[in-house]
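Engineer: Here's my sequence, what's the structure:
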Amino acid sequence: MIDRPITHLVINEIGIEEEEILVGATDNERWRWDMEDEVETGANSKTIVYVTLTDNGKGYAVSENAGFHASPGDPTREVAMSNLVELFEIAWSIKNDNLDYKDAREKYFGKKIKKTTNTM
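Structural biologist: Sure, this is the predicted structure:
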């Protein structure tokens, strides 16, 4: 197995509960390894970053949180941290579009996430 550079994230986890939406991602290499096993769906790939939106029931504020499973020096750390905005946008889209688990999974599971740079 030849290692390739870690260039982007792939959505591999979606959770929707009444008060919380979770979107998790793995790196492109872990995703590729699992998909090459042919019995895997990518859902078992290690999630290296996740974001949550939590409605605290107050009707006016939703908390945004992020978590990482990428230690300092880990090559996945930079790609995980640099794509937070994109992951939060997906979580907000799920919330604002009132997607259920099936529809959110169909729309986002396996989606590549790569930060684009704005040029002025």
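Engineer: next one: stretch 47-61 to chain centre, how far?
Structural biologist: In terms of Cα atoms, centre = their mean, to the nearest Å, the centre of stretch 47-61 is set 14 Å apart from its chain centre.
Engineer: tell me the mean pLDDT for that stretch?
Structural biologist: Mean pLDDT, stretch 47-61: 85.
Engineer: got the CA coordinates for it in CSV?
Structural biologist: Below are the C-alpha coordinates for stretch 47-61, written out as CSV (Å, rounded to 0.1, in the frame of the first residue of the first chain):
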residue,chain,number,x,y,z
THR,A,47,-13.0,10.4,12.5
ILE,A,48,-10.2,13.0,12.9
VAL,A,49,-12.4,16.0,13.3
TYR,A,50,-16.1,16.6,14.1
VAL,A,51,-18.3,19.6,14.7
THR,A,52,-21.6,19.9,16.5
LEU,A,53,-24.4,22.4,16.6
THR,A,54,-26.3,22.2,19.9
ASP,A,55,-29.6,23.9,20.5
ASN,A,56,-29.6,24.6,24.2
GLY,A,57,-33.4,25.0,24.3
LYS,A,58,-33.3,28.7,24.9
GLY,A,59,-34.7,29.5,21.5
TYR,A,60,-32.1,32.1,20.6
ALA,A,61,-28.7,30.5,20.6
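Engineer: Now do the buried residues in it.
Structural biologist: 47-53, 55 (16 or more other Cβ atoms under 10 Å). No exception for glycine: its C-beta is placed from N, CA and C like everyone else's.
Engineer: Next secondary structure element downstream of the helix or strand of the chain with the lowest mean pLDDT?
Structural biologist: Within the chain, no helix or strand scores below helix 28-36, which has a mean of 83 by mean pLDDT, DSSP states H and E. Note on helix 28-36: by DSSP states H and E, the next helix or strand toward the C-terminus is strand 49-55.
Engineer: After the helix or strand residue 106 falls within, which helix or strand is next? Please name it.
Structural biologist: Counting by DSSP H and E, the element that carries residue 106 is helix 101-108. For helix 101-108, the succeeding helix or strand toward the C-terminus, using DSSP H and E, is strand 112-113.
Engineer: what lines up beside that next one in the sheet?
Structural biologist: strand 9-16 (antiparallel) (DSSP bridges).
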